[in-house]
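Trainee: Any chance you could fold what I've pasted below:
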Amino acid sequence: MKRIFIFIFLTSFCFSNNIRIATYNLLNYPGTNSSTRNVYFRTVISEIDPDILVVQEMNSQTGVDSFRIAVLNNYQGNTYSSVKFNNGYDTDNSLFYKSSKVTFISAYYISVSDNSRDIAEYTLLPVETADTIRIYSVHLKAGSGSSNESQRLNEATILRNHLNTLPPGSKFIVLGDFNIYRSSEPAFQKLIGSMANNNGQLKDPLNAIGTWNNIAFAPIHTQSTRTRQFGGGAGGGLDDRFD
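Mentor: You can find the predicted model right below:
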């Protein structure tokens, strides 16, 4: 089941100025009705005003160009640049950034398996520092049940193993559509758990432990932002935390 959500994460790491990072599952973009949807995307993006925007469910270079021109730069000239589209399994990750804030260095794609989406690694350099940051965008296997949880664990294990190879003290953030329903799920525990090598250990910035579709977590629910279904996406309103 396809999901759409938005999550904003503000972080300064050790940068001289804060860098605003957002992640957004665009739901099979551009699809067949991007011109209609772009009006709403512009409203959302203008409110967030991210310095770096990482997206999931991008389908083509045409989609990357369309979103950059018709949404991000619609009112701001050439403020945003984009990374070249990478065509992996199923839908893909993409990255947009303000060149006045960061310099793009490289993109690398971690192939997980024949039926799992690639994990993107984007390396950037804030213009006012000498510290690089790696941004990882994931779109883990969707759905409940043991088989889907097992596939998410495999994807999370491959990512954690990669992160553990980074030099100690590396600055990185993992974001995207995790499709994880609760903090006790093995995939989540693999990412945040302590291991012999903790170079790649992650932390939940909200430290929200529990089953996330519970009403107690309503303030941090991020999917689905729609009450009607279209384009393969899920409706139902905000009732889960998949970021």
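Trainee: Skipping its backbone neighbours, what lies nearest residue 101 in space?
Mentor: Distances taken as CB to CB, 6 or more residues apart in numbering put residue 51 closest to residue 101, at 4.4 Å, once the chain neighbours are dropped. Every C-beta, even on glycine, is put in place using the N, C-alpha and C of the backbone.
Trainee: any idea how far residue 65 is from that neighbour?
Mentor: Shown here: residue 51 relative to residue 65, a distance of 20 Å by CB to CB, to the nearest Å.
Trainee: When those two are compared, which one has more neighbours?
Mentor: Neighbour totals were compared for residue 51 and residue 65, and residue 51 leads with 21 against 13 (other CB atoms under 10 Å).
Trainee: Is that one in contact with residue 20, as I believe?
Mentor: Yes: counting by CB atoms under 8 Å, residue 51 touches residue 20, with 4.8 Å between them.
Trainee: got the buried residues for stretch 151-167?
Mentor: 151, 152, 153, 154, 155, 156, 158, 159, 160, 163 (16 or more other CB atoms under 10 Å).
Trainee: Show me the shaky parts of this protein.
Mentor: Where the chain drops to pLDDT under 70, the residues are 1-17, 210-212, 214, 217-218, 221, 223, 229-242.
Trainee: Quick check: most distant residue from the centroid of it.
Mentor: residue 196 (27.1 Å; CA atoms, centre = their mean).
Trainee: can I assume it sits in a strand?
Mentor: No: counting by DSSP: H, G, I helix; E, B strand; the rest coil, residue 196 falls outside a strand, being coil.
Trainee: Which strand runs longest in this structure?
Mentor: strand 19-29 (DSSP state E).
Trainee: Pairing partners for it, with directions?
Mentor: Take DSSP bridges as the rule and strand 19-29 pairs in its sheet with strand 6-11 (antiparallel), strand 52-58 (parallel).
Trainee: Skip ahead from that strand and say which helix or strand is next.
Mentor: As assigned by DSSP states H and E, the chain's next helix or strand after strand 19-29 is helix 34-48.
Trainee: buried residues in that next one?
Mentor: Neighbour count says helix 34-48 has 34, 37, 38, 41, 45 buried, by 16+ other CB under 10 Å.
Trainee: now what about it, what contacts it?
Mentor: 6, 8, 20, 22, 24, 26, 29, 31, 53, 63, 66-67, 70-72, 74-75 (CB atoms under 8 Å, 6 or more residues apart in numbering).
Trainee: what about it, distance to the chain center?
Mentor: When distances are taken as CA atoms, centre = their mean, to the nearest Å, helix 34-48 is centred 18 Å away from the chain's centroid.
Trainee: what do you get for stretch 43-60?
Mentor: Centroid separation for stretch 43-60 versus its chain: 10 Å, with CA atoms, centre = their mean.
Trainee: End to end on that stretch, go ahead and measure it.
Mentor: Chord length of stretch 43-60, first to last residue, is 23 Å (CA to CA, to the nearest Å).
Trainee: got it, and stretch 197-213?
Mentor: By CA to CA, the extent of stretch 197-213 from end to end equals 32 Å.
Trainee: what do you get for stretch 74-88?
Mentor: Termini of stretch 74-88 sit 28 Å apart (CA to CA).
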